[in-house]
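1. Next come a sequence and a model predicted from it.
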Amino acid sequence: MSSKVILRKKFSSIRKNRYFEVKESFFSPLIKVIKKKNIKNIAIYYPSNYEVSTIKLFKILNNIKGFSTSLPALSNGTMKFARWSLIDPLKVNDFGFLDPLSIKIAPYPNLIIVPLLAYDKFKNRLGYGKGYYDKFLGKNKNILTIGLAFSFQKYNKIKTSKFDVKLDYILTEKGIF
């Protein structure tokens, strides 16, 4: 079994056992970055498997005019982004994650909020192993990326390959770095 497979199992279990609901204030540093960089098109994951919940973030952005939010949608081995708001229906995809029911192509994202199982001080992330985010970001290098995690998901050094894409920032309950 590879070291990444072992780490995925370990951090999935840790996250499940130590998960907690974040407060709106968790997202304050993120909102500051969004406003400072004048970001308008934001791709956000829909939470599952004890990921940091993005529901409050959707609500915050919904109350601030001028933002377009989208969710990743997996299709034919690629990831696209579809417009989505909290009132829009979802469907379960082949991997058990929720995708928008109807695919309304979103404006190209300026910022992608990325889920992760673990991260390190070098801003490497351990994802679920399918490579969708890395493939998309490898082809679209001008997009700001922020991983959402709990501080207990930090790992010393995540082994990377040439296909892995570093994040620009990581936001935890202890702040953004």
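-> Ah, there it is. Numbering: from 1, shown residues only.
2. Let me see the ranges of the helices in the protein.
-> 3-18, 28-36, 55-62, 132-139 (DSSP state H).
3. could those helices go into CSV alongside mean pLDDT, mean neighbour count and distance to Tyr46?
-> C-betas here are computed from N, CA, C, even on glycine. Shown next, in CSV, are the helices of the chain (pLDDT from 0 to 100; neighbours: other Cβ atoms under 10 Å; distance: least, Cβ to Cβ, whole Å):
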stretch, mean pLDDT, mean neighbour count, distance to Tyr46
helix 3-18, 96, 14, 16
helix 28-36, 96, 15, 17
helix 55-62, 94, 17, 8
helix 132-139, 94, 17, 14
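4. Out of these, which is closest to Lys162?
-> helix 132-139 (9.3 Å; Cβ to Cβ).
5. For that closest one, which helices and strands make contact with it?
-> Applying 3 or more Cβ pairs under 8 Å, 6 or more residues apart in numbering; DSSP states H and E, we find helix 132-139 packed against strand 68-75, strand 78-83, strand 111-114.
6. Quick check: Pro89 touching Leu98?
-> No. Counting by Cβ atoms under 8 Å, Pro89 does not reach Leu98; the two are 9.7 Å apart.
7. Show me which of those two is the more surrounded one.
-> Leu98 (17 against 9; other Cβ atoms under 10 Å).
8. most neighbours per residue, which of the helices and strands packed on helix 132-139?
-> Neighbour counts (mean count of other Cβ atoms under 10 Å) averaged over each of those peak at strand 111-114, with a mean of 24.
9. nearest to Arg8, of the helices and strands packed on helix 132-139?
-> Judged by Cβ to Cβ, the one of those that comes nearest to Arg8 is strand 111-114, at 15.5 Å.
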